[in-house]
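# Okay, predicted coordinates and the sequence, questions at the end:
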Amino acid sequence: MEYSNLKEDLENLLGLIRSEKKSLGTLFNKKKAAIDQLARERQNGFPWLAEAYDEYFNIDESEAVKYLMEKKHPAYKSADLVKEYSRARRKAEKDKKIAEYLVKYYESIAPFLIDLKEEIDVPTEEDIRIISEYTDEEKGDKVTDYLTKEEYRELPSVKRNQMALDRFWKRPKSRWLIGRLYERYVGYLYEMEGYDVEYVGIFKGFEDLGRDLICRKNDEIVVVQCKNWAKFRTIYEKHIFQFFGTVFQFKDSNPGKEVRGVFCSTTKLSDLARRFSQELKIELKENHVFDKDYPCIKCNVSISTREKIYHLPFDQQYDKVKIDSRCGEFYCKTVKEAEGAGFRRAHRYSGLHR
């Protein structure tokens, strides 16, 4: 259907909506397909579509206002409240429709966005209710995402922060976040072996070229790809080929360094992928499970102020902080251990939370 015809139909629809409200239901259903098509194909159609919905939802509310004002004992104040509510509701519905059709439009020109939907955590009604109880200042602390208002305000810092950390690990997580947490865990293991670890995957996302971790020690560089996949999934040779290519490129740009690749996965590889790994000299760590009980709290000493600060996994600066045991820094499991060593929590930081 041509855009000009759709636009003309929609203009006619809006005119009929205003003049013949009683016949709106039937007319709206007949034109809905054209409206949806318009929104999918032409971004310029979104405001028109939103206006149609605006008028549609206005009908029942107009009748309610009329009843309140014309009944035997008019309720003018109530009618004003209904009007105010109606305006707010129509605006919300209009904005919602614009957003929905923008998403559909973008998905039509970039289908990969559809897959990303599954990796987005949508706040539940309970999440929204809890966070709405806090002041704007309190919302700056990510701990409030995991505690009720009473818990946050009444518990001492040790219990409050530990409770938030425990709930963070228990709460369901998106595949995106699970992948990042796995990278942190594998990176932690290399740090414990004396490597300086750069968390490329976390900071560069899709631009990491499959190099989730770059681990350096003396003249040795270990390029690590991390795959936190379900047990029923299998790593195939194409994944090994792709990883070999990025390791080769990195080695070529770092002459004089001993560069090797490590493919780390929570699942297994196919037999052919395993043979290719041997031939291409890619070290494999299969069934390398994620131990959520590892010491994940970072206790860091500020270089400039010497202040002792600890960072929880959902704090903003967590991935930027590097732990150097020579400076009295360390990882620990509990908040009690961190605060007992004289460290305080980083304040007002919102971090990795998807």
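Yep, that arrived. Just so it is clear, the model here is predicted, and its values are computed rather than measured.
# quick one, domains of the protein?
Using automatic domain parsing, the domain parsing of the chain gives 3-116, 145-172+295-354, 182-285.
# Over the last one, what's the mean pLDDT, rounded is fine.
Same thing as domain 182-285. What domain 182-285 shows for mean pLDDT is 88.
# Could you work out the end-to-end span of that domain for me?
13 Å (CA to CA, to the nearest Å).
# Measure how buried the residue nearest to residue 210 when sequence neighbours are not counted is and give me the count.
Once flanking residues are discounted, residue 210 sits nearest to residue 246: 4.6 Å by CB to CB, 6 or more residues apart in numbering. Every residue, glycine included, has its C-beta placed from N, CA and C. Neighbours of residue 246 under the rule other CB atoms under 10 Å: 16.
# May I see the buried residues of stretch 280-300?
By neighbour count on 16 or more other CB atoms under 10 Å, the buried set for stretch 280-300 is 280, 282, 284, 288, 296-300.
# same deal with stretch 151-158?
151-152, 155, 158.
# Now tabulate the residues you listed in TSV and tack on distance to residue 325, secondary structure and pLDDT.
As requested, the buried residues of stretch 151-158 are exported to TSV (distance: CB to CB, whole Å; DSSP: H, G, I helix; E, B strand; the rest coil; pLDDT from 0 to 100):
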residue	distance to residue 325	secondary structure	pLDDT
151	34	helix	89
152	33	helix	86
155	31	coil	91
158	24	helix	94
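# Just give me the closest of these to residue 344.
For these, the closest approach to residue 344 (CB to CB) belongs to residue 158, at 11.0 Å.
# Between the two ends of stretch 321-337, how far is it?
Start-to-end span of stretch 321-337 (CA to CA) is 19 Å.
# Now tell me what touches that stretch from outside.
157-158, 161-162, 165, 188, 191, 196-197, 293-301, 310-312, 338, 341, 345 (CB atoms under 8 Å, 6 or more residues apart in numbering).
# Wait, the residue nearest to residue 210 touches residue 212, no?
No. Contact criterion CB atoms under 8 Å: residue 246 and residue 212 do not qualify, at 10.4 Å.
# Looks to me like residue 243 is in a strand.
No. Read with DSSP: H, G, I helix; E, B strand; the rest coil, residue 243 is helix and lies in no strand.
# Does it touch residue 261 like I think?
Yes. At 6.2 Å, residue 243 counts as touching residue 261 under the criterion of CB under 8 Å.
# Tell me how many other residues surround residue 251.
Count around residue 251 with other CB under 10 Å applied: 16.
# In contact with it, which residues?
Applying CB under 8 Å, 6+ apart to residue 251 gives the contacts 257, 259.
# swap the cut-off to 7 Å and go again
residue 259 (CB atoms under 7 Å, 6 or more residues apart in numbering).
# Tell me how far residue 156 lies from residue 232.
Distance from residue 156 to residue 232, counting by CB to CB, to the nearest Å: 44 Å.
# Oh, that last question was meant for residue 280, not what I typed.
26 Å.
# what do you get for residue 311?
35 Å.
# who's more crowded, the two?
The residue with more neighbours, out of residue 311 and residue 232, is residue 311; 24 against 6, by other CB under 10 Å.
# pLDDT score assigned to that one?
We have a pLDDT of 94 for residue 311.
# Quick check: it vs residue 146, distance?
Residue 311 sits 16 Å away from residue 146, going by CB to CB.
# Helices of the protein, start to end?
3-19, 24-41, 46-70, 76-109, 112-116, 125-132, 136-139, 149-154, 157-170, 175-192, 200-204, 237-252, 271-280, 335-340 (DSSP state H).
# avg pLDDT for the shortest one?
Meaning helix 136-139. For helix 136-139, mean pLDDT is 65.
# ok, now the first one?
Along helix 3-19, the predicted local confidence has a mean pLDDT of 52.
# hmm, back to that, kindly indicate which of the buried residues of stretch 151-158 lies nearest residue 97.
Nearest member of the buried residues of stretch 151-158 to residue 97, counting by CB to CB, is residue 152, at 36.3 Å.
# Next one: residue 156, what pLDDT does it get?
92.
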